[in-house]
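Asker: Predicted model and sequence follow; I will ask about them next.
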Amino acid sequence: MATSETDFLITAEQVHFRRDEDDRIVLDYDGSRTQVSRIVAAFPLSDRQKMISVRDAEGVEIGILDHIGRLDPQSRAIVDHELERTYFMPRITDIRDIKEDLKVVDWDVETDKGPRQFQVRGVRRNIRRIGRRRVVVKDVDGNRYEIRDWSALSRDAQMLLEPYLWR
């Protein structure tokens with residue numbers, strides 16, 4: 001395991017993730033066992049398969065996992081579950097209403113997980129365009145919502161969203 005805070009690459013073939021009797025994640029690597037507190041993607045919005053940061057119970061990075069596709073099935077299931085839990089991001093399929101009042105933006109949307117209502121503060125920081133048509137919206141509670149292609153939304157939804165795309 002790392003003895004300094006210097007990042008290093010962990011190859012998938014050399015590690016095994018498992019859960020202990022208290023359902024905590026344990027990393028077996030290079031003859032040692034380390035309790036894992038967080039598993040996060042270095043590039044969560046573009047590629048969650050490569051360059052996965054593995055952190056210990058104190059939050060110190062153990063290393064960077066090269067690619068989850070080469071993990072054994074049990075390890076892969078654990079890492080996939082943690083990434084899904086960390087990056088759960090409902091996809092907005094329709095926007096029913098957006099209202100702004102005193103720099104707080106109230107959203108009423110339909111998502112692939114059902115209807116949602118949420119608030120956004122700090123529009124420049126929390127409504128991000130990614131590429132030409134993708135948008136990620138972060139609400140006041142830290143939840144993220146994705147619009148994969150804003151041009152595919154209904155014309156009414158596009159008109160509600162448009163003022164927030166160019167700020």
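Answerer: Noted; the coordinates are in hand. Numbers count the residues shown, from 1 in each chain.
Asker: Let me see the residues that make contact with the longest helix anywhere in the chain.
Answerer: Across the chain, the longest stretch assigned as helix under DSSP state H is helix 73-86. Residues outside helix 73-86 that contact it (C-beta atoms under 8 Å, 6 or more residues apart in numbering): 12, 15-19, 25, 38-41, 44, 48, 52, 65, 68-69, 71. Yep, even glycine has a C-beta here, placed from its N, CA and C like the rest.
Asker: Okay, and the closest residue to residue 72 other than its chain neighbours sits in which element?
Answerer: Distance criterion C-beta to C-beta, 6 or more residues apart in numbering; nearest residue to residue 72, sequence neighbours excluded, is residue 16 at 6.3 Å. When elements are assigned from DSSP states H and E, residue 16 belongs to strand 15-19.
Asker: The protein: strands as residue ranges?
Answerer: Using DSSP state E, the strands of the chain run over 9-10, 15-19, 25-29, 32-43, 47-56, 61-67, 92-101, 104-111, 114-121, 127-130, 134-138, 144-147.
Asker: strands paired with the first one, and their directions?
Answerer: Strand partners for strand 9-10, identified by DSSP bridges, are recorded as strand 61-67 (parallel).
Asker: could you check the angle helix 73-86 makes with the strand it pairs with?
Answerer: With axes from the mean of the first three to the mean of the last three C-alpha atoms, to 10 degrees defining the directions, strand 61-67 sits at 110 degrees from helix 73-86.
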